[in-house]
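Enquirer: Sharing a model prediction with you, sequence too.
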Number of protein chains: 2
Amino acid sequence: MGNITAELLTIGDEILYGQIVDTNSQWMSAALDAIGVKTVRKTTVADQEEDILEAFAQAEKRADIVLVTGGLGPTQDDLTKPCLAKYFDSEIAINEQALKELTALFKHINRELTPINRAQAELPVKSEMISNPIGTAAGMWFHERDTVFVSMPGVPFEMKKMMKDLVIPKIQETFDTHAIYHRLIKTIGIGESWLSEMIADWENSLPDHIGLAYLPSISQVKLRLTAKGADYEALKKDVNREVEKVWPLIEKYVYGFDDITIESAIGELLKSEGLTIATAESCTGGYVAHLLTSVPGSSAYFKGSVIAYANEVKTNQLSVPESILEAHGAVSEETIRLMATNVRKVLNTDIGVATSGIAGPGGGTPEKPVGTIWIAYADKDQCVTRKLSFSRTRDLNIKYTAANVLNMIRMQTNGKTNNSTSSQTTK
Amino acid sequence: MGNITAELLTIGDEILYGQIVDTNSQWMSAALDAIGVKTVRKTTVADQEEDILEAFAQAEKRADIVLVTGGLGPTQDDLTKPCLAKYFDSEIAINEQALKELTALFKHINRELTPINRAQAELPVKSEMISNPIGTAAGMWFHERDTVFVSMPGVPFEMKKMMKDLVIPKIQETFDTHAIYHRLIKTIGIGESWLSEMIADWENSLPDHIGLAYLPSISQVKLRLTAKGADYEALKKDVNREVEKVWPLIEKYVYGFDDITIESAIGELLKSEGLTIATAESCTGGYVAHLLTSVPGSSAYFKGSVIAYANEVKTNQLSVPESILEAHGAVSEETIRLMATNVRKVLNTDIGVATSGIAGPGGGTPEKPVGTIWIAYADKDQCVTRKLSFSRTRDLNIKYTAANVLNMIRMQTNGKTNNSTSSQTTK
């Protein structure tokens, strides 16, 4: 059982110049991670022979497996194949199997095999051909001097199919890989540094084979536990034992584990309680509704919204009296309370949430500066309001407000179902 | 005037393990490209001291500017600062300006400065502090041995603000970069390959010092013209001459230039015509309203929306008779027409737009498969409807639908004002 490492090497000017986002390498490292191969480096180099050869040499020193993507097209600026041949000091010749598959592919799409495309069946003789049933560039597998180099096309769907069907199984045959187990604990409503202080003793007591990382995003922090060792099932037990230990400290901030999002966690809560929801949005302009409806099947609990940007809409659709708007303003506790309680009546739902604030950059006053935002949650028993003060850009003020509303829904709905739900989520 | 090169160095296990996509580095290399700095390498390394130090040394050899992101949090797994201090053999001490800004930030959000956060104001003494007004981790600028190292937080919005406001200007002061002039022509409603055929002759006739790139996104293609040379003003003239040449071919698809978004282009159109708008959204669940209200000052023309996810809301709030919903379904021309025409009456606006469709993954039928979507535009004179058929994921079905609605608003509103507005946008 080794500690198998990989380097991902992407070849292409278009990524260096910022013209396309490299989504391949995230997918590849997740696929390697799932079989216990650790990605130790990601490198992107230009379409330049010298740079490519230097990157090959450095990668060979660092990693057991070097996965090269891109630069396999039929044109002159595609240098991966000649560079690999040069690097491994190999002749290039027609690979009969590659030619057979390429001929079949062109027959299938009713095109003639041009000389340029025929040249794609020429491969370094020191490599094994890796079939590409859905594209014209075959992959290559080199196993020289204890390192494996794999070359794959950069086209995402061709690479993914080749990697999943052929490269991953071949890596598992060739190397005796580590077991690895990850768990993500997802929190909302607490900052990274407060969370870190809160769990410092636990963090310091983690066994050596378990690592912890903090992954922050808007109003959220993910805690990632990673265990490495010989036996997958044992690692899983070790990690879950640690999750149980830290649980009492952070329970109230946790909305779920692993792949779940806060939107879908709320959806599960609402569905399990048979509750429906509506939003009344001013400053978030529909963003809360968008998040709630981004979840497949959200029509089971989300009925609709009134986006009340103009005061006239607050009055006519949500029955907020003009006198209240005049006396307290649209950004006030009085207004937000009526928006939340009335939207649940108007749209006939169990829960109503509301937002009203000054997202900026304009519209601020000394008394209510940009970033002053009221949010509210109402159900049949209560109406909870909260004032937020942000000092961010318009876009972020909207996103942080929405995250706070989602957390408010989680806390209030969770409160309803009390221990049954929260103990459920610990398993 | 030099040929200035940069390397982007990202530090963080979460990117190597495939848990997050690195979108920073695309944005950064595009920003560098815009000031004539060429990105020659992108590297991602683990949160390991040895790896980080090795990557610093290799990057220093290759590039004039090394932009380091990530690893600046307050926790134990954040190694960028100690590694930079070690690499440049520098003491770490409290930076008074950083402490002042951090204290102000914590005061603003009404939190106490904890020892862990206070430590974020400690910086290597050989570095210049770079302010981070929206986060707790300051940036660092080292200029040693003819190379500039810049360390920035990995949180995208903090990095982008810091880079745009402070790092890019400082790079331009420090290095003598090429003169470069970019112009973006923004189109919507035409695919990349059709656009490319339409302007092929013009593209082939471009002078050598002007390059053209196609940057596609959801329903949009940006054409980027880039001119390089000695004199900025001359480049500007050359590029704008080419824009005038291509204009007649693509005029009807162009909504603007450079930084303008389709949302803000529509906002300008509506404002200049004194028109107000409301949305009635089913399958887009508030996403169209969110896009419209993402524009500062949108309250001048956007009054509100009815998000009618449940049929009951379509009937009660938008007066779509139950008989219509029963006879034709919610996803039908009959329903969408009533949603668009009625929302403008209910919310008292000049224009009403509406969406209703099956975003998926569930809810499809043989007759109306997932991706079947109706959209409509209504004003006092007319109601235009359109059926869309997508076969994408839920998220993309929603985004493509919204883009089509925005383009429908643009075309109908532009049609109103006719030549006056379209000739205005050519300048």
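Expert: Good, I have the coordinates. Since the structure is predicted, the reported quantities are computational estimates derived from the model, not experimental observations. Numbering: from 1, shown residues only, chains lettered A, B, ... in the order given.
Enquirer: Which of the three states applies to the most centrally placed residue in chain A?
Expert: Central residue of chain A (C-alpha atoms, centre = their mean): A:Asp259, 8.6 Å from the mean position. Put simply, A:Asp259 is coil when judged by DSSP: H, G, I helix; E, B strand; the rest coil.
Enquirer: Distance of the nearest residue to it once chain neighbours are set aside relative to B:Asn110?
Expert: Nearest residue to A:Asp259, sequence neighbours excluded (C-beta to C-beta, 6 or more residues apart in numbering or on different chains): A:Leu184, at 7.9 Å. No exception for glycine: its C-beta is placed from N, CA and C like everyone else's. Going from A:Leu184 to B:Asn110 by C-beta to C-beta, to the nearest Å gives 30 Å.
Enquirer: Also A:Gln19?
Expert: 43 Å.
Enquirer: so after the helix or strand containing the residue nearest to A:Asp259, what's the next helix or strand?
Expert: Here A:Leu184 sits within strand A:179-188, counting by DSSP states H and E. With elements assigned by DSSP H and E, the helix or strand that comes after strand A:179-188 is helix A:192-198.
Enquirer: Could you report the pLDDT at the closest residue to A:Val313 other than its chain neighbours?
Expert: In space, and not counting its chain neighbours, A:Val313 is closest to B:Gly304: 3.8 Å by C-beta to C-beta, 6+ apart. B:Gly304 is assigned a predicted lDDT (pLDDT) of 98.
Enquirer: Help me confirm that B:Gly304 is found in a strand?
Expert: Yes - under the criterion used here (three-state DSSP), B:Gly304 sits inside a strand.
Enquirer: residues touching A:Val148, list them.
Expert: A:Asp64, A:Ile65, A:Val66, A:Trp141, A:Phe142, A:Ile171, A:Thr174 (C-beta atoms under 8 Å, 6 or more residues apart in numbering or on different chains).
Enquirer: Tell me the spacing between it and A:Leu67.
Expert: Counting by C-beta to C-beta, the gap from A:Val148 to A:Leu67 is 9 Å.
Enquirer: Now do the contacts for the residue nearest to A:Pro369 when sequence neighbours are not counted.
Expert: Using C-beta to C-beta, 6+ apart and skipping residues adjacent in sequence, the residue nearest A:Pro369 is A:Ile358, 7.3 Å away. Contacts for A:Ile358 (C-beta under 8 Å, 6+ apart) come out as A:Cys283, A:Val331, A:Gly364, A:Lys368, A:Pro369, A:Val370, A:Gly371, A:Thr372, A:Ile373.
Enquirer: Which parts of the stretch 51-200 of chain A are helices?
Expert: Applying DSSP state H, counting those that start in this stretch to the stretch 51-200 of chain A gives helices spanning A:80-87, A:96-108, A:115-118, A:156-162, A:168-174, A:192-198, A:200-204.
Enquirer: picking that back up, what about the strand holding A:Leu184, distance to the chain center?
Expert: 13 Å (C-alpha atoms, centre = their mean, to the nearest Å).
Enquirer: One more: stretch A:76-83?
Expert: Per C-alpha atoms, centre = their mean, the centroid offset for stretch A:76-83 relative to its chain is 33 Å.
Enquirer: Does chain B have contacts with that stretch?
Expert: No - if you take C-beta under 8 Å from any C-beta of the partner chain as the test, stretch A:76-83 misses chain B, and the best it gets is 14.5 Å.
Enquirer: now the end-to-end length of that stretch.
Expert: 13 Å (C-alpha to C-alpha, to the nearest Å).
Enquirer: List the buried residues in it.
Expert: A:Asp78, A:Leu79, A:Thr80, A:Lys81, A:Cys83 (16 or more other C-beta atoms under 10 Å in any protein chain shown).
Enquirer: Point out the residues in the stretch 1-150 of chain A that sit beside chain B.
Expert: So the stretch 1-150 of chain A meets chain B at A:10, A:15-23, A:25-33, A:38-46, A:51, A:58 (C-beta under 8 Å from any C-beta).
Enquirer: Buried subset of the residues you listed as a PyMOL selection?
Expert: A single PyMOL command selects the buried members of the residues of the stretch 1-150 of chain A next to chain B (16+ other C-beta under 10 Å):
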select buried, chain A and resi 10+15+16+17+18+19+22+25+26+27+28+29+31+32+33+38+39+40+41+42+43+44+45+46+51+58
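Enquirer: before we move on, the earlier item: what two of the contacts of A:Ile358 are the furthest from one another?
Expert: Using C-beta to C-beta, these span at most 13.5 Å, a distance reached by A:Cys283 and A:Pro369.
Enquirer: what about those two, which has more around it?
Expert: A:Cys283 (26 against 14; other C-beta atoms under 10 Å in any protein chain shown).
Enquirer: For that one, give me phi and psi.
Expert: For A:Cys283, the backbone dihedrals (degrees, to the nearest 10) come out as phi -60, psi -30.
Enquirer: OK, contacts around it?
Expert: A:Val331, A:Thr355, A:Ser356, A:Gly357, A:Ile358, A:Ala359, A:Ile373, A:Asn397, A:Ile398, A:Thr401.
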